[in-house]
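# just a sequence and a predicted model for now, questions to come.
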2 protein chains.
Amino acid sequence: MNKSVEIGHHTSQQYNHELEDVRNLLLQMGGLVESQLAKALKALLEHDSELGEEVAFSDYKVNQLEVEIDEQCARIIARRQPAASDLRLLLSIIKSITDLERIGDEAEKIARHAIRTNDLNSGKLNASLRHLGDHVREILRESLDAMARMDSPQALRVARSDSQIDQEFDLLSRQLLTHMMEDPRTIQDSLNVTWCARSLERIGDHCKNICEYVIYFVEGKDIRHINLSRQAGKEIAASQTAPETVPQRLPAGLDPDPDSIQS
Amino acid sequence: MNKSVEIGHHTSQQYNHELEDVRNLLLQMGGLVESQLAKALKALLEHDSELGEEVAFSDYKVNQLEVEIDEQCARIIARRQPAASDLRLLLSIIKSITDLERIGDEAEKIARHAIRTNDLNSGKLNASLRHLGDHVREILRESLDAMARMDSPQALRVARSDSQIDQEFDLLSRQLLTHMMEDPRTIQDSLNVTWCARSLERIGDHCKNICEYVIYFVEGKDIRHINLSRQAGKEIAASQTAPETVPQRLPAGLDPDPDSIQS
């Protein structure tokens, strides 16, 4: 069972609406990025340069959403002076949209390669790239889903599975190297595929970051840069079984300074 | 003349210290990242795998600083409920450290390549890589300098010069491609150099992001995703000549909600 995300608990209806709005914009941005990635991969694998161009020229929409969400978050912090979980929510959103925007950038890069890459000339390479692409799309969908539901156990699962993406990327890199050495005429196209694979691997990294922000919001724990160890999983699992004991709290030291409380 | 950065203007000495502390940590993180990059490049160009290992195993220090700064910023926002320029400062720092941390990651990647790469076997490639590396180090130093002095005209200059890095990267990529096609036995090493060049190009992108956050803080303008046009330059130049007309203000809409002012 997940901790509830208490948006809509303020006595000010206006404040509730503001938080809901910014969260909806975040989900909208996530949906847009997901669709950009799906189209970019389709363009690459089906040699559809027109679709590639469509993706490349739509990236500005992702960027607009990033700036809009950033401004709304800053405005809410300035006006509402949120404490505890609301502040964590807003800071998580501010961090997450940077990663979403960069996923959009990577999708654009894949789309630009789709515009120039000819046939991959190798069914095996094509299949490996499709496999990696499908896996990364799945990870992105699960990350967005964890974010939408602020589901920290799912976020932890997804964050941990990023290492599989890295392994698949390494495998594909080795295949590409062999391909290039066997037939140096394929170097240019193989390099294009290599860049696309690298973009996919980076999207996996950004998904992991987003999941870590979800965990920071829900658990009040910053798990970046620590191994996603069993211990982290145990702690999150333990907190899920006793949701009533977990108030909307800030991590140690994030409580308001008694000297500055203005109520 | 630059707008002054009014840290230290609060009646609460403790609050002033908190802002100074977080800014000092930010500069410390910048210095560490700069040194990591310099060492990683030295390790790569001088085939010093021991130095490469030193860099790779020091990345945790950058990560620790990121988490520490993030926590301090969140704590200050929660306790002090900063308005206007203080909030912009804190949000700029929160964004900048993500880029600094990723510059650290790229330096680590270069260091790891330094551990595995043999001789580049080409003086020309080596020279191009050194040139790109020197240029990126310069851009990083100028970005950190703009950040330390919160100097928006310099930040704009640096952000604009990122396109030169992109051009140098393209040139080096073409050289590498020719090198690989001429002698397929060099493919593996050339790919390693390609990855390092790509890391340098990305560091340039992160520097540009940091400069944009400096401009956001000083000018209250979000210039991401708009071309760094002459207009942006003119506006910044105009604001520099009339510093007395620029109060420590938030952009339109960021003023506190009259309903929620608690004083």
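Perfect, I can see it now. Numbers count the residues shown, from 1 in each chain, chains lettered A, B, ... in the order given.

# now name the helix or strand holding the closest residue to A:S49 other than its chain neighbours.
If the residues on either side of it in the chain are set aside, A:S49 comes closest to A:I115, at 4.6 Å by CB to CB, 6 or more residues apart in numbering or on different chains. For every residue, glycine as well, the C-beta is placed using N, CA and C. Using DSSP states H and E, A:I115 sits in helix A:84-116.

# so what secondary structure elements neighbour that helix?
Packing partners of helix A:84-116 (3 or more CB pairs under 8 Å, 6 or more residues apart in numbering or on different chains; DSSP states H and E): helix A:13-45, helix A:49-56, helix A:59-80, helix A:187-219, helix B:59-80, helix B:84-116.

# give the buried residues for the fourth one.
Within helix A:187-219, the residues that qualify as buried are A:187, A:189-219, counting by 16 or more other CB atoms under 10 Å in any protein chain shown.

# what do you get for the shortest one?
Of the residues in helix A:49-56, those with enough neighbours to count as buried (16+ other CB under 10 Å) are A:49, A:51-52, A:55-56.

# before we move on, back to that, now for the helices and strands packed on helix A:84-116, which one comes closest to A:S143?
Across the helices and strands packed on helix A:84-116, A:S143 has its closest neighbour in helix A:187-219 (4.1 Å, CB to CB).

# run the chain-centre distance for that closest one.
Relative to its chain's centre, helix A:187-219 lies at 8 Å (CA atoms, centre = their mean, to the nearest Å).

# does it reach chain B?
Yes - using CB under 8 Å from any CB of the partner chain, helix A:187-219 reaches chain B at A:187-188, A:191, A:194, A:198.

# ok, so of these, who is nearest chain B?
Taking CB to the nearest CB as the measure, chain B lies nearest A:I187 of those, at 5.4 Å.

# now the spatially closest residue to the closest one that is not a sequence neighbour, what's its secondary structure?
Residue nearest to A:I187 in three dimensions, not counting chain neighbours: A:M180, with 4.9 Å by CB to CB, 6+ apart. Three-state call for A:M180 (DSSP: H, G, I helix; E, B strand; the rest coil): helix.

# who's in contact with A:M180?
Listed by CB atoms under 8 Å, 6 or more residues apart in numbering or on different chains, the contact set of A:M180 reads A:186-187, A:190-191, B:180, B:184, B:187.

# which one among those gets closest to B:L156?
Set against B:L156, the nearest of the contacts of A:M180 by CB to CB is A:L191 (33.9 Å).

# contacts only, for the closest one.
When contacts are counted by CB under 8 Å, 6+ apart, A:L191 touches A:180, B:177, B:194.

# so for whichever strand or helix holds the second one, what gets flagged as buried?
Counting by DSSP H and E, the secondary-structure element that holds B:L177 is helix B:152-182. Residues of helix B:152-182 classed as buried by neighbour count (16+ other CB under 10 Å): B:152-162, B:165, B:168-169, B:172-173, B:175-176, B:179-181.

# chain B contacts on the stretch 1-150 of chain A?
A:12, A:14, A:60, A:63-64, A:66-67, A:70-71, A:74-75, A:77-81, A:83-84, A:87-88, A:91, A:94-95, A:98.

# which PyMOL command selects the buried ones in those?
Remark: buried members of the residues of the stretch 1-150 of chain A next to chain B, expressed as a PyMOL selection using 16+ other CB under 10 Å:
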select buried, chain A and resi 63+66+67+70+71+74+75+77+78+79+80+81+83+84+87+88+91+94+95+98
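
# where does pLDDT dip in chain A?
Within chain A, the stretches with pLDDT under 70 are A:1-9, A:118-122, A:226-263.

# please name the nearest non-neighbouring residue to the residue nearest to the spatial centre of chain A.
Nearest residue to the geometric centre of chain A (CA atoms, centre = their mean): A:C207, 3.4 Å. Of all residues not flanking A:C207 in the chain, A:S143 sits nearest, at 4.1 Å (CB to CB, 6+ apart).

# how about the helix or strand containing that neighbour: buried residues?
Per DSSP H and E: A:S143 is located in helix A:123-149. Buried residues in helix A:123-149, counted by 16+ other CB under 10 Å: A:125, A:128-129, A:132-133, A:135-137, A:139-144, A:146-147.

# not counting its own residues, what contacts stretch A:35-46?
Stretch A:35-46 has contacts (CB under 8 Å, 6+ apart) with A:48-52, A:54-55, A:58-59, A:62, A:103-104, A:106-108, A:110-111, A:113-115, A:117, A:126, A:129-130, A:133, A:136-137, A:140, A:196, A:203.

# for stretch A:88-96, same thing?
Stretch A:88-96 is contacted by residues A:5, A:7, A:19, A:22-23, A:26, A:69-70, A:73, A:76-77, A:82, A:147, A:209-210, A:213-214, A:216-217, A:220, A:250, B:74, B:77, B:91, B:94-95, B:98 when judged by CB under 8 Å, 6+ apart.

# the closest residue to A:V218 other than its chain neighbours and A:I69, how far apart?
Among residues not flanking A:V218 along the chain, A:S152 sits closest, at 4.0 Å (CB to CB, 6+ apart). According to CB to CB, to the nearest Å, A:S152 and A:I69 sit 21 Å apart.

# kindly report the same for A:N209.
Distance from A:N209 to A:I69, counting by CB to CB: 16 Å.

# the residue nearest to the centre of chain A: what's it in contact with?
A:99, A:103, A:136, A:139-140, A:142-143, A:158-159, A:162.

# from these, which is closest to chain B?
Relative to chain B, the closest of the contacts of A:C207 is A:D99; by CB to the nearest CB it sits at 8.8 Å.

# I'd say the closest one and A:C211 touch.
No - using CB atoms under 8 Å, A:D99 is not in contact with A:C211, being 9.9 Å away.

# and A:H47, which of the three is it?
From three-state DSSP, the assignment for A:H47 is coil.

# phi, psi of it?
Backbone geometry at A:H47, expressed as degrees, to the nearest 10, gives phi 50, psi 40.

# for burial, what's the neighbour tally of it?
Applying other CB atoms under 10 Å in any protein chain shown, we find 14 residues neighbouring A:H47.

# from chain B, how far off is it?
Per CB to the nearest CB, to the nearest Å, A:H47 is found 21 Å from chain B.

# thinking again about what came up before, which two in the contacts of A:M180 are spaced the farthest apart?
Longest distance between any two of these is 13.1 Å, between A:L191 and B:P184; criterion CB to CB.

# adding distance to B:S35, write the helices and strands packed on helix A:84-116 out as a markdown table.
Below are those laid out as a markdown table (distance: least, CB to CB, whole Å):
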| stretch | distance to B:S35 |
| --- | --- |
| helix A:13-45 | 35 |
| helix A:49-56 | 37 |
| helix A:59-80 | 31 |
| helix A:187-219 | 24 |
| helix B:59-80 | 10 |
| helix B:84-116 | 9 |
